[in-house]
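A.B. asks: task: produce atomic coordinates for the following.
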Amino acid sequence: MSNREHSRDPFRPVLPGLEVVIARWLIPAYFAGVILPAFGALWMHLTRAPGPLDMAQEKSLQVVDLMAVGLALFDATFVFTVALGCLIVTLMKARPRYADSMRPPAA
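C.D. replies: Numbers count the residues shown, from 1 in each chain. Okay, here's the model as predicted:
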């Protein structure tokens with residue numbers, strides 16, 4: 001018999017794979033996706049010319065603020081979705097658990 005004909009032992013857990021590598025990058029990805037848009041909006045507010053703003057300048061600052069909030073929310077939902085996927089893959093690769101070892105009654 002070749003190795004391909006043997007099935008994997010169901011009581012041995014599968015080794016961790018790409019989900020562990022991705023999970024390690026989730027926290028830095030979250031902070032980068034939240035902080036970078038905030039720095040962009042802060043830079044726009046700090047580098048504007050002093051004095052009263054006309055309507056076009058005020059509107060452009062509001063658009064930048066809303067885009068920063070939108071990008072931060074998009075990044076947060078993306079990281080949360082990928083984290084759920086990593087959790088599901090990790091749980092599916094875990095060792096199987098059985099309620100008891102009795103055979104089902106014969107029908």
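
A.B. asks: mind listing the helices for this structure?
C.D. replies: With helices called from DSSP state H, the chain shows them at 18-24, 26-46, 55-92.

A.B. asks: of all the ones you listed, which lies closest to residue 106?
C.D. replies: helix 55-92 (30.9 Å; CB to CB). (Glycine included, C-beta is placed from N, CA and C.)

A.B. asks: ok, for the most centrally placed residue in the chain, nearest residue in space, not its chain neighbours?
C.D. replies: The residue lying closest to the centre of the chain (CA atoms, centre = their mean) is residue 79, at 2.2 Å. Of all residues not flanking residue 79 in the chain, residue 30 sits nearest, at 4.5 Å (CB to CB, 6 or more residues apart in numbering).

A.B. asks: adding mean pLDDT and distance to residue 106, write the helices of the chain out as CSV.
C.D. replies: What follows is the helices of the chain, written out as CSV (pLDDT from 0 to 100; distance: least, CB to CB, whole Å):
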stretch, mean pLDDT, distance to residue 106
helix 18-24, 89, 40
helix 26-46, 93, 49
helix 55-92, 92, 31
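
A.B. asks: turn those into CSV, including distance to residue 105.
C.D. replies: As requested, the helices of the chain are exported to CSV (distance: least, CB to CB, whole Å):
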stretch, distance to residue 105
helix 18-24, 39
helix 26-46, 46
helix 55-92, 29
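
A.B. asks: of all the ones you listed, which one is nearest residue 103?
C.D. replies: Closest approach to residue 103 among the helices of the chain (CB to CB): helix 55-92, 25.5 Å.

A.B. asks: all good on my end, thank you.
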